[in-house]
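*Asks:* Fold the stuff below for me.
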Amino acid sequence: MTTTFFLIRHAAHDHVGDYLAGRIAGIRLGETGKAQALRLARRMASEPIAAVFCSPRERTQETADPVAALCGTGTCIICEELDEIDFGVWSGRTFEELSRDAAWRRWNDHRQEAMTPSGETMLDVQRRIGSLIERLRKRHQNKAVALVSHADVIKGAVCGVLGLSPGDCFRFDIDPASITTIVSGDWGSKLIRLNEAA
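*Replies:* Predicted coordinates:
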């Protein structure tokens, strides 16, 4: 009995790469992101999706809603475990500003042990996404589920599946509107596809 998980990064908002969006409210998809979300939904419509779960952030919901609609699952289910890392006071700061912050540099140089200002570690992120996947695997056996989340959350899941340290998350990319596929069963989990473009 296996469950297929499509881990989908939200489509682009207009400020990807400009500042750390984190958990700031009101970050919505731009025109490019809306087009990506529609393309993604069309791609996912060919999959037998039983349920679509997403982070509470608006950008993930705006990505997940078209997927749920075209896959016929109704609405997406908001799930706290899929939320962005809690970056605390770093949220909203430009990457140029952050580059001058010693704690930010430590976070990026030592992800396996460093924590954000809110106290969340990459290991915490890995545990919360891993726990969710295990719960959903038991509930959706022999089915496929879409999880719409954020790059670092998906990286945490991939590192967990591959047995990598959370600090190894910089060894691969998770692009906006990309699909990473994991299959999970009683025997464990394996990575099928990484960072597939929609």
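
*Asks:* which residues make contact with the longest strand anywhere in the chain from outside it?
*Replies:* Secondary structure of the chain per DSSP state E: the longest strand is strand 188-197. For strand 188-197, contacts defined as CB atoms under 8 Å, 6 or more residues apart in numbering pick out 4, 133, 158, 160-162, 172-175, 177-183. In short, each C-beta sits where N, CA and C put it, glycine included.

*Asks:* can we see that at 7 Å?
*Replies:* Outside of strand 188-197, the residues within contact range by CB atoms under 7 Å, 6 or more residues apart in numbering are 158, 161-162, 172-175, 178-183.

*Asks:* Find the nearest non-adjacent residue to residue 103, please.
*Replies:* residue 117 (7.0 Å; CB to CB, 6 or more residues apart in numbering).

*Asks:* ugh, wrong one, residue 87
*Replies:* Spatial nearest neighbour of residue 87, excluding adjacent residues (CB to CB, 6+ apart): residue 22 at 4.0 Å.

*Asks:* And the pLDDT at that neighbour?
*Replies:* The model reports residue 22 with a pLDDT of 94.

*Asks:* just residue 88 next, same as before
*Replies:* In this model, residue 88 is scored at 94, pLDDT.

*Asks:* residue contacts, it?
*Replies:* By CB under 7 Å, 6+ apart, residue 88 lies in contact with 116-118.

*Asks:* Likewise for residue 141?
*Replies:* Residue 141 sits next to 1, 3 when contact means CB under 7 Å, 6+ apart.
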